[in-house]
Every structure is written in structure tokens, then in C-alpha cells.
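[1] I would like the atomic coordinates for the input below:
(3 chains)
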Amino acid sequence: MSKILMKGNEAIGEGAIRAGCRHFFGYPITPQSELPHYLAKRMPEIGGVFLQAESEVSAINMVYGAAGAGMRVMTSSSSPGLSLMQEGISYLVGAELPCVIVNIMRGGPGLGNIAPAQSDYFQSTKGGGHGDYKLITLAPESVQEIIDLMAKAFDLGDQYRTPVMLLGDGILGQMMEPVELGEIQEVKQAAKPWAATGMRGRGKPNIINSLYIDPEDCENINKKLFAKYAQIAAKEQMWEEYQLEGAEIVLTAYGTAARICKSAVDKARAKGIKAGLIRPITLWPFPGSVIARAAETAKCFLTVEMSMGQMVEDVRLAVNGTCPVYFYGRTGGVVPLVSDVLAEIEKLVDGGDRE
Amino acid sequence: MMKKVFTRPKALTDKPFHYCPGCTHGIIHRLVAEVIDELGVADNTVGVCPVGCSVFAYNYFNVDMFQASHGRAPAVATGIKRSLPDRVVFTYQGDGDLASIGTAEIIHAAARSEKFTTIFVNNAVYGMTGGQMAPTTLLGQKTTTTPKGRDKEQAGFPVKVAEMLSTLDGAAYVARVSVHNPTHVNKAKKAIKKAFEVQISGQGFALVEVLSTCPTNWGMPPNEALKWLEENMIPYYPLGIYKEPAEVK
Amino acid sequence: MARVTFREERCKGCELCIAVCPEKIIVLAEHINAMGFHPATVVEQEKCKGCAMCARMCPDVVIEVEREVAEA
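    From the prediction side, this is the model:
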């Protein structure tokens, strides 16, 4: 198969279509706009639905309607838009509806800017909206990985009846890379006997609902969700190990920051510094097991993010005091340079006299 | 031979309503269910209920139902109808839900001429949360957040939803009805039926605003509330068909 | 000949039926039901014309109306 050049945002759209998604509801925001542009053209070609909503609030509620009707459905936005969607996401979780939500992160807080950032890690992985819940959060680092992860995102959503977040940043969304798309294949989708589609002879109404007025019922729903989360955490952790063999300084980073770290690790290795990288692909469930394992032999960790330090908290929980965990980050849309990361690595050589 | 001339519609479950004594939500539920029965679409219908007093409506309609977040029922209904265009989809929303927090959703659903039906229950007050001022509370009307009566200087003017939505080209059918006596209950049912037929024939968005009572939060016995509706609400919210498809006139 | 029946256990005693009955044959019962309301009930059933005004106004759908109809 030949490769074609695609932008990250477009790859999200094509990946979704190849995963059997035929419904998209969204509201314009930079830097994810190429995705709705792509789907506005592509969805009608394949008999799908593209609809520009009046707001992100409406878009996520249209997703709730389509997901409850049994469709593979997606929305996308960027940081401020995701803030607006949080109530809807909480309802989707409460009603156990699968869908895929894309966040192409930009600088914040507030209106921030339209430059790439990773400062919505907490919002994505720790719940984000009201109530006790987690979101499966996938963080690709390349256009090809976007294509591969879109199918995974829809499958995980359906399997566990949960919303799934695809978390990228403006660089990933805008960059063009060659991708292998493969043939469009018939997607095998699980039956959704719970969907509210009109009874059609079922004899008993299906109800899509997240209201549990009796506190004990509500507690039981929370317990049910967390039993599901325990399963997901046990089975679905994904990560990439890069130059981890014999690494004394273990970097952790995801998405665009991980690509920068890979170059820094190469440069460090060329200088004889034993550096390696663990790149979480699922941010939740967080791949804490591999980090705990690496901590047994590492001298220290260095977490690099395009934020003031969010994932680093999960790294520290996983390392659990076994060795020091340092942090380097740039934020507000500023992207760390390879040379900056290399300089941080060099500070940690021989046990690290960093401060 | 004795024949049943009035009985519970099949599109209602047997669950007793949780509404306060004399609250006309129950009448409106029944009318919607009767229309679903008469059109023979119960097996093909999906309803969306709001946040507010009718939050539990999913327990009462014997059809597939969604519970939507506050004000967003028209967006949810849009998602359903765009996914399943051959189903009959309706939303059932109160005045706080539709005319306050959900104004963007209802306006744009109407503007896009989404092919679903909205039953909008206007009782001029927030019921579930304790009788606060609604967007439709009349000037001078006392509520728990307008203890001296709604003052236009402080709280502005009531929202006339039927009039507002009928200005949109996408709204195919818009009517305002009342349920304060049996004659008007019959008229309300006719309008609701028409609103479902407009959807089923693919003519576009249809909304029926139903003037309703809230004896509990208005602080009066149910029959007095019906009289209050007639004397105070109807003059401000005139009844009638505000918009209908040309070909059915 | 007509008959009106009330599901008394579900009646909330709101009196909307009483006000609209043209024959004035509906009253609130002396007793209270399980919900604590005096339920509506019919006295002088034989006066009922089966107009169903009461049922049309009942917010709790507790009323059923039967009427004598000519055999088809």
C-alpha cells in the first residue's frame, strides 16, 4: 500500500470514518478546524451526518442523543470548548454512553491562545466534569498513530460503554506526515440492545438516563462505574518504551512532548548518557506499572510536559518515592526545545545536582 | 352495551405521576400519550425529557426515552433524529428549561427546522427548585425570588416563546394552547396532534406552548389556579396558531 | 346510561373534576386514601351522562368513563 500525506486533524476524521463513525457534531475552534472541514466534505460522501452545532454545549448533547440512539459518534474541540462540554461528558458517563471526544489542546487558562499546549491533562484524565469518573484518554504522537488509535478509541468506548478522549495538541493537529491508511473495511460493531431507538417490538422501553434519585442507587452506579474502571486499568494500559534498556535517567512524556524527548534521548545517548523514555499512550488508564518497574533500576525520572506539570503527579504516584522525579515544562503555547530537554538531562547525570 | 369512552392511554405506563395535586403537567402528559396512541407510533417514538418538574417523565411515557441535561433536550433530540430520521422524536420541556437555560438550543433547533416536536409547558414559575422567577413569570407576579412581584426595572420582561420562534423560517408549526378547561384541553390535544403530524410528514420543526398551572408555587388551590391562568396568563400569552405549513391551512 | 370509575388510591383530591362536572355528582370522600388525600368519588352514579369532562381535566388519569352505545 502506498502512503499519503495527511494533516493530523484530517487523519482524526478519516480514522473515525474507517472506525465506522458516521455522525459528527462540532463547533468551530482553532486549532482543530481542519477536522470539521474535512468531515463536512467527507461525511456526505459516505452517507454520514456532519452537523455544525450552535455551541460546544449543544454539540456534546447532540453526541449524547446519537450515542444513546446507538451510533458511533464523535465531536471535537480545543481546550475552552472542552470546558464547555464538561457537563455533557459527565452525563454521557452517567448514562454509560460510548462516544469519542477529541481535544486538540491550546494554551490556557481563559482564552489563552491558539498555540499548542498540554495543559488539559488533569481535565481529561481526572474526570473534568462533576461526579466521580474517569475518561479513557488516548494520546497519539504521530499522524499514523492517530489513524491506528481512532479504531481503538471507538472499540474501547463500545466495549466499556464509556466516552473516550483523544488528546492531542496544535502541533499534532496541524502537522503533515505520510500515513498508511489501508483499505476501508467493514467495521464489526457490537450490538447495542440498550439503545433508545423506538421500541420496535421490544415490548419494554429503553431509557437513557443518569438520574438516580435514591442515594443508594446512585452509589451503586458509582460502584458499577468503578468496577468497570478497575477492569480498564488492568487490561488497557498502553505505552511505548524508547531506549529504556539500561536507562538510568528515565524520561516520561506524551504526544508532542514525547517526540521532543526522543530526540533529546538520542542526543544524550550519543554523549554516553544512559537516558530512556516511557511514553504513555493511554493517559488514563495511566501506565503506572511500567513506570514502577523502571523505577526499580533507574536513578531518577524526568517528566517533560507542555504544561506547568500535570502528568508528573501520576508519575510520582507510580514511582512512589523509589527515586527522585524531576520536571521540566514550558506552557502557554511555548514548546520545549530538544536542546532545553537535553540540558535538563545533563543536569541529572551522576545522581543529579539539579537545584 | 357499555363501552369505555375514556380510559388511560396505552402510551402512558401505569406509574402514578409524582406531580403535586392539581398540577396540569398530568393533563399534558396524557394528551401527548393519547396523540401517540391515535397516530399509532408508540413503537417508533423516542421522547426526551428535561430537568425540572417533568424530569421523571421517562417513567411515565411508555416509549423509549432520554433524560437530557438542563435546557439541552433540543440538542439531544437533534442527535437522535439525525441518527434515526424515520423515528418520531419529541421533547417535553418546562419554561426554565426551554426559555431560560435552553434558549440557544431551542432557537437553533427551530432555525435548522429539525424534524421533531417540542411540547413546551409554560407555568410561569420554577416548580422543582422552589417557586423562583421563571423567564415567563408575569410582571408583578410574586415568586420566591421576586417577593414583591416581578419588577421590569430589576428583572426585565417575560419571554414570549411562541411569538419569538414563529419568526424563524425553520419553524414549521408553532401554537400556544391552554389546559384550563375541558374545551381548551381538547384544543390543546388537536394542536399537539398537528405538531406530531407536521413532524411525521417531514415538514419541519413543530412546537406547542401549553399554558399550565402550578398551584403549589402560585400558592392557590388548583381550581383557583386555572382561573388565575385564564385571567392573567392568557392576556399576556395569547392563544392561537402562530405558524403552520401553508399546504395544511 | 353511563358509568364513571375512579382509581381512588391514586386520587390527590385536587377537585378539578368536581368543578367541571355538569351534573355536580362528584364529591371528595370522607375517608382518606393511602397517600393521605380525600379522594374524589361519585354520588348518584345514575345521573352520570358519560360526558367525560371530569376525566379530561383529571391530572392523574384516575378516571375511566363508560357509556351505553347502540349495538353495531
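[2] okay, and the residue in chain A that chain B sits nearest to sits in which element?
    Chain B sits closest to residue A:65 of chain A, with a gap of 2.4 Å, by CB to the nearest CB. (Each C-beta comes from the backbone N, C-alpha and C, glycine too.) Residue A:65 is part of helix A:56-68, with elements assigned from DSSP states H and E.
[3] now the strands for chain B?
    Taking DSSP state E, the strands of chain B run over residues B:2-6, B:45-49, B:64-67, B:88-94, B:117-122, B:171-178, B:205-211, B:240-243.
[4] for the ones you listed, give me JSON lines that also has mean neighbour count, mean pLDDT and distance to chain C.
    As requested, the strands of chain B are exported to JSON lines (neighbours: other CB atoms under 10 Å in any protein chain shown; pLDDT from 0 to 100; distance: least, CB to the nearest CB, whole Å):
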{"stretch": "strand B:2-6", "mean neighbour count": "14", "mean pLDDT": "93", "distance to chain C": "4"}
{"stretch": "strand B:45-49", "mean neighbour count": "29", "mean pLDDT": "98", "distance to chain C": "17"}
{"stretch": "strand B:64-67", "mean neighbour count": "27", "mean pLDDT": "98", "distance to chain C": "18"}
{"stretch": "strand B:88-94", "mean neighbour count": "29", "mean pLDDT": "98", "distance to chain C": "15"}
{"stretch": "strand B:117-122", "mean neighbour count": "28", "mean pLDDT": "98", "distance to chain C": "12"}
{"stretch": "strand B:171-178", "mean neighbour count": "25", "mean pLDDT": "98", "distance to chain C": "12"}
{"stretch": "strand B:205-211", "mean neighbour count": "28", "mean pLDDT": "98", "distance to chain C": "13"}
{"stretch": "strand B:240-243", "mean neighbour count": "17", "mean pLDDT": "98", "distance to chain C": "21"}
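[5] so which of the ones you listed is nearest residue B:190?
    Among the strands of chain B, strand B:171-178 comes nearest to residue B:190, with 8.3 Å by CB to CB.
[6] my guess is residue A:212 contacts residue A:221. True?
    Yes - the pair residue A:212 / residue A:221 is scored as a contact, 5.4 Å apart, by CB atoms under 8 Å.
[7] of these two, who's got more company?
    residue A:221 (18 against 14; other CB atoms under 10 Å in any protein chain shown).
[8] and that one, backbone torsions?
    Note on residue A:221: its backbone torsions stand at phi -60, psi -40 [degrees, to the nearest 10].
[9] can you name the residues of chain B sitting close to chain C?
    B:1-8, B:12, B:16-17, B:19-27, B:30, B:181-182, B:185-186, B:215, B:221-223, B:226 (CB under 8 Å from any CB of the partner chain).
[10] surely residue A:257 meets residue A:304?
    Yes - taking CB under 8 Å as the definition, residue A:257 is a contact partner of residue A:304 at 5.1 Å.
[11] are there residues contacting both of those two? Which ones?
    By CB atoms under 8 Å, 6 or more residues apart in numbering or on different chains, residue A:257 and residue A:304 have these common neighbours: residue A:336.
[12] and the helix holding residue A:65, what other elements does it pack with?
    strand A:23-26, strand A:73-77, helix A:79-94, strand A:99-105, strand B:64-67, helix B:73-83, helix B:103-111 (3 or more CB pairs under 8 Å, 6 or more residues apart in numbering or on different chains; DSSP states H and E).
[13] would you mind writing the CA trace of the third one as PDB?
    Meaning helix A:79-94. Coordinates of each C-alpha in helix A:79-94 appear next as PDB, following Å, rounded to 0.1, in the frame of the first residue of the first chain:
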ATOM      1  CA  SER A  79      -9.400  23.500  25.300                       C
ATOM      2  CA  PRO A  80     -12.000  26.200  26.000                       C
ATOM      3  CA  GLY A  81     -14.600  24.200  24.100                       C
ATOM      4  CA  LEU A  82     -13.800  21.200  26.200                       C
ATOM      5  CA  SER A  83     -14.500  23.200  29.300                       C
ATOM      6  CA  LEU A  84     -18.000  23.900  27.900                       C
ATOM      7  CA  MET A  85     -18.600  20.300  27.200                       C
ATOM      8  CA  GLN A  86     -17.800  19.000  30.700                       C
ATOM      9  CA  GLU A  87     -21.400  18.800  31.900                       C
ATOM     10  CA  GLY A  88     -22.300  16.800  28.800                       C
ATOM     11  CA  ILE A  89     -19.400  14.500  29.300                       C
ATOM     12  CA  SER A  90     -20.500  13.800  32.900                       C
ATOM     13  CA  TYR A  91     -24.000  12.900  31.600                       C
ATOM     14  CA  LEU A  92     -22.500  10.600  29.000                       C
ATOM     15  CA  VAL A  93     -20.500   8.900  31.700                       C
ATOM     16  CA  GLY A  94     -23.600   8.700  34.000                       C
END
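[14] that one vs helix B:73-83, what angle?
    80 degrees (axes from the mean of the first three to the mean of the last three CA atoms, to 10 degrees).
[15] what packs against helix A:79-94?
    Judged by 3+ CB pairs under 8 Å, 6+ apart, helix A:79-94 is in contact with helix A:56-68, strand A:73-77, strand A:99-105, helix A:121-125, strand A:163-169.
[16] what are the buried residues along the last one?
    Meaning strand A:163-169. A:163-169 (16 or more other CB atoms under 10 Å in any protein chain shown).
[17] using CSV, write out the CA atom coordinates for that strand.
    This file holds the C-alpha atoms of strand A:163-169, laid out as CSV (Å, rounded to 0.1, in the frame of the first residue of the first chain):
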residue,chain,number,x,y,z
PRO,A,163,-16.8,8.2,26.4
VAL,A,164,-13.2,8.1,25.1
MET,A,165,-11.0,11.2,24.8
LEU,A,166,-8.4,11.6,22.0
LEU,A,167,-6.0,14.1,23.4
GLY,A,168,-3.6,16.0,21.1
ASP,A,169,-2.2,19.4,20.7
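[18] sec struct for residue A:303, please.
    Following DSSP: H, G, I helix; E, B strand; the rest coil, residue A:303 is assigned to strand.
[19] burial measure for it, as a count.
    27.
[20] tell me what it is bridged to.
    Taking DSSP bridges, one obtains residue A:252, residue A:327 as the residues bridged to residue A:303.
[21] and residue A:145, what are its phi and psi?
    For residue A:145, the backbone dihedrals (degrees, to the nearest 10) come out as phi -70, psi -30.
[22] check contacts around it.
    Contact analysis of residue A:145 by CB under 8 Å, 6+ apart lists residue A:281.
[23] against residue A:137, how distant is it?
    For residue A:145, the distance to residue A:137 (CB to CB, to the nearest Å) stands at 14 Å.
[24] and the one helix or strand residue C:66 maps to, what does it pack against?
    Per DSSP H and E, residue C:66 falls inside strand C:63-68. When contacts are defined as 3+ CB pairs under 8 Å, 6+ apart, strand C:63-68 sits against strand B:2-6, strand C:2-6, helix C:53-57.
[25] so which bits of that strand are buried?
    C:63-67.
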